[in-house]
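>>> Fold the stuff below for me.
(one chain, ligands or ions: 1)
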Amino acid sequence: MRTLVTYMTQTGNTKRIAEAIYGEIEGEKDIKPIGEVKNLEGYDLTFIGFPVLQFDIPPNVKKFITENTAGKNIAIFMTHAVPEGTEVIHSWTGSAEQAAAGATVLGSFDCQGELAQPVIDMLLKADDPQMKAFGEMGPSTKGQPDESRVQKAKEFAKEIQAKI
Ligand SMILES: Cc1cc2nc3c(=O)[nH]c(=O)nc-3n(C[C@H](O)[C@H](O)[C@H](O)COP(=O)(O)O)c2cc1C
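Residues are numbered from 1 along each chain as shown. Model (predicted):
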């Protein structure tokens, strides 16, 4: 059994979740930023993680999923600024699953991730009211993902491995 955890991160939140998942993996395993992964050959299971950016999966991640996951077992994880349980999160999960149409998607995990201060400052100056609204919710995201989210990510990693 060989497992890959691959992720994109800008400010470290998704990386924190990726490392928590990686720590729970049994058997042979690798952890790499998405940009360093050529293909998924040789992996029985791949966890793919990203931050939600501008109401969707980052385009490079979508491309990676579309081009590499056909016929593979994968699991998705993402971080976002909105609180967990917000309705719109379904559309982001759906977008990832759509990109992975040829794969077996064993599950998905999402949790809140802190908006970094330079990002808050930038968003507050944006003309787009939706972006400005994100900037205003910045302080409520402080400290995420916290230890309880990290713990949930570890549980997720165990659940997914049990499915293989
Ligand atoms: C340019 C930009 C756009 C973002 N757009 C969204 C968004 O549409 N929805 C959301 O919930 N969070 C959004 N976020 C917040 C990030 O998804 C969140 O902070 C995430 O945890 C960052 O992960 P990272 O530290 O791994 O880069 C945005 C952040 C940035 C910088």
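>>> Quick check: residues of this structure near the ligand?
Counting by CB under 6 Å from any ligand atom, the residues of the chain close to the ligand are 9-14, 51-55, 79-82, 113-115, 119, 134. From N, CA and C alone the C-beta is placed, and that goes for glycine too.
>>> Which ones among those residues map onto strands?
Among these, the ones falling in strands (DSSP state E) are 51, 79-80.
>>> Quick one, which of the residues of the chain next to the ligand are buried?
Using 16 or more other CB atoms under 10 Å as the burial test, the residues of the chain next to the ligand include 9, 13-14, 51-52, 79-82, 113-115, 119, 134 as buried.
>>> For the ligand, what's the nearest residue on the chain?
The chain approaches the ligand most closely through residue 113 (2.0 Å), counting by CB to the nearest ligand atom.
>>> and residue 10, what does it touch?
Listed by CB atoms under 8 Å, 6 or more residues apart in numbering, the contact set of residue 10 reads 51, 116.
>>> I'd say the residue of the chain closest to the ligand and residue 142 touch.
No. Assessed by CB atoms under 8 Å, residue 113 is found out of contact with residue 142, at 10.8 Å.
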